[in-house]
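Visitor: prediction below, plus the sequence it came from.
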Amino acid sequence: MSPTTVTEPLSTTPITYGKLRYVTADWAPKAISQPFGLPDVSEYGDERLMPIHDIRPLPTVDELPTAKEGTAQLLTHGFTAVKHSSSLHSSPYTAASWRNPELVQKVYVAEVEEMLKRITGAQTVITEVLLMRGTPKSGHDVPSTNTSHSQDNSTKGAPTEAPEKTQAPLPAHLQDKTLFKLRFPNPIGFSPVFGGVPPAPKTHLDFTPGGARTHIRLFHPTLTAASARIIAAEDRLLAANLPLATHYSTAPDAPRWAIYSVWRPLKPVKRDPLAFGDVRSFVKEDYVQIDVPAPTIGSDGESKGMHIMKAYVARGSEGHRWCYVSEQMPDEVLVIGLWDSDREGDSVAAGGAMHSSVELQGREGEEPRESLELRCLAIW
């Protein structure tokens, strides 16, 4: 089976090459111990130097619907990028304001949610995670949260993938409750002591379809309450023995829903930019499912245990088409699809785009990038 041929307008921009890491064809998933973690970088045994296509010029949010042919769009590519400034870029705020999770939640979250509504047409957008990246990359993913493992999670999980119990060890520096506390939205990487989370040079997609369904049920009560109509519609279909992949998107009482990652650099990106794969260039055989431990957060801000969230890593293919935004600036925002209920019939990724930090040739000595990612649930 070969990937779909992706035709784009010819560009005179020189082709940039970057190193991307995939798992090998015979790779077998291993247990992941870290909350929100991915396989160790050493498990990504297929390193490839791939062409990385620049998707500039970027439209504004208002220009996006009528942008020229070939402009990256969520419904075709699985990602898009727009010019979008924030109030945090101007007085009385400073660069330090971006590292204050309370300010980010008070000011920036509302801006992103409104932007996503305009781009997607969704009626409701809820931000669930704030992720700060800013330390030099390493082989490990370091979430700056506290998660207690003293209790098991609820047994009520996704209808297609029951949550699994895990006793993943928590790094010692994450156990100090004076520094870290689970909240909603969940701030990760804002520690003044340990800094941000390193870039992840690993091709991955945060959710499988079942993983997305588990997530809205078990991550936090706020997310579950907002998803009540979704969960009820899925339960009705399953009670009638109707597969969700083929029946949910056409059910009259089933609201469309999606999960997006909104990625903004805090300074011009000189190295390790985020690369994202055109969904049309990936085929079913490229996706490898993994189990990722994640906390179940109570309304009191305490961990109620752990659950298993299904995600994907990728096998390599020369047919993959990778893109990025060259020298991305702080007023330029990426929106990456992680799941879309309307796209589940299209592929196993359901509209979600593989993504990874990419190592560009000749940029190894540049200043490490700093970025802020928001993960958002959208409901129509």
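Guide: Looks like it arrived, so ask away.
Visitor: contacting residues for the nearest residue to residue 351 once chain neighbours are set aside?
Guide: Once flanking residues are discounted, residue 351 sits nearest to residue 343: 3.1 Å by C-beta to C-beta, 6 or more residues apart in numbering. Just so you know, the C-beta spots here come from the backbone N, C-alpha and C atoms, and that holds for glycine as well. If a contact means C-beta atoms under 8 Å, 6 or more residues apart in numbering, then residue 343 has 75, 337, 349, 350, 351 as its contacts.
Visitor: ok, now how distant is residue 343 from residue 22?
Guide: 23 Å (C-beta to C-beta, to the nearest Å).
Visitor: same deal with residue 66?
Guide: Taking C-beta to C-beta, one finds residue 66 at 36 Å from residue 22.
Visitor: so between these two, which is more surrounded?
Guide: Neighbours per residue, other C-beta atoms under 10 Å: of residue 66 and residue 22, the larger number sits with residue 22, 24 against 8.
Visitor: confidence score at the residue nearest to residue 351?
Guide: Residue 343 is assigned 95 on the pLDDT scale.
Visitor: same check on the one 5 residues further on?
Guide: At residue 348, the model reports a pLDDT of 92.
Visitor: do the same with residue 298
Guide: For residue 298, the model assigns a pLDDT of 86.
Visitor: low-confidence stretches in the stretch 51-200 of the chain?
Guide: The stretch 51-200 of the chain contains residues with pLDDT under 70 at 135-182.
Visitor: which residues in it form strands?
Guide: 79-83, 124-133, 186-188 (DSSP state E, counting those that start in this stretch).
Visitor: alpha carbons only: can I get the second one in CSV?
Guide: Taking only C-alpha atoms (Å, rounded to 0.1, in the frame of the first residue of the first chain), the coordinates of strand 124-133 have been written out as CSV:
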residue,chain,number,x,y,z
THR,A,124,-17.1,25.3,22.7
VAL,A,125,-13.4,25.2,23.3
ILE,A,126,-11.8,24.0,26.6
THR,A,127,-8.1,24.2,27.3
GLU,A,128,-6.9,21.3,29.4
VAL,A,129,-3.1,21.4,29.3
LEU,A,130,-0.5,24.2,29.3
LEU,A,131,3.0,22.8,28.3
MET,A,132,6.1,24.9,28.4
ARG,A,133,9.2,23.8,26.5
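Visitor: contacts for that strand?
Guide: Counting by C-beta under 8 Å, 6+ apart, 99, 101, 104-105, 109, 112-114, 116-117, 184-190, 196-199, 219-220, 222-223, 226, 369-379 sit against strand 124-133.
Visitor: thinking again about what came up before, so which of the strands of the stretch 51-200 of the chain gets nearest residue 277?
Guide: Nearest of these to residue 277, taken as C-beta to C-beta: strand 79-83 at 8.6 Å.
Visitor: please point out which parts of that closest one sit buried.
Guide: Neighbour counts over strand 79-83 (16 or more other C-beta atoms under 10 Å) mark 79, 80, 81, 82 as buried.
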